[in-house]
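> below are the sequence and a predicted model; questions follow.
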Amino acid sequence: MTHLCGVCGSFSPKGSTLCSSCGAAPLLGVSGDAIVSIGPGVPCWRCGIDTQPLLFRVWIRHTGYVVGSRELRSSAYLCRDCGDREVAAALIWTGLLGWWSISSLVFRAPIATFRNWASAFRPPLRPLAWGAIPAAEFVRRLQEGGDLQAAYGSFDEAHEEGER
């Protein structure tokens, strides 16, 4: 995972704690082309705590019906505690209600369960497909306006997309 400065938009070497260009902290974690972690200072949208880093988490609530099934996929930037709560709730939901059809029993519920377990430990393999903020777009907004509020507004937009 590489790091991106949340103030100047420059990339820093792996393992850095401060920006190599401007010396600012916190750094944003980037995996592939997406921001998957945000250092302390940005509040968690669920609990409001801003002293912990935010991690991009995904979860699937799968419901099996006798004649079909339904998945509710969600994602958000959350502190570790809130992310663990969301993933645990999705695992419980899928464990109790996800296995009630043949397609769910064989395919969909096991996949949802695996993805939920994996989400407890790492960001998804394709974070952009789940609604993570594209790093290039964040840097573009930061450099165009020079306004941190405009660039960080993309985090609010990503949260709204994740709720749909």
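All right, it came through fine.
> so in the chain, which helix runs the longest?
helix 80-97 (DSSP state H).
> can you show me the strands along the chain?
Taking DSSP state E to define them, one finds strands in the chain at 2-5, 11-12, 27-31, 34-38, 54-65, 68-78, 133-134.
> nearest residue to the middle of this structure?
Computing the C-alpha centroid of the chain and ranking residues by CA atoms, centre = their mean puts residue 56 first, at 1.9 Å.
> do you know how far that one is from residue 127?
Distance, residue 56 to residue 127, by CB to CB, to the nearest Å: 6 Å. (C-beta placed from N, C-alpha, C; glycine too.)
> overlap of the contact sets of the two?
Counting by CB atoms under 8 Å, 6 or more residues apart in numbering, the common neighbours of residue 56 and residue 127 are 34, 36.
> ok so, going back, reformat the strands of the chain as TSV; add distance to residue 140 and mean pLDDT.
Shown next, in TSV, are those (distance: least, CB to CB, whole Å; pLDDT from 0 to 100):
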stretch	distance to residue 140	mean pLDDT
strand 2-5	12	85
strand 11-12	14	82
strand 27-31	14	88
strand 34-38	13	93
strand 54-65	19	95
strand 68-78	19	94
strand 133-134	9	92
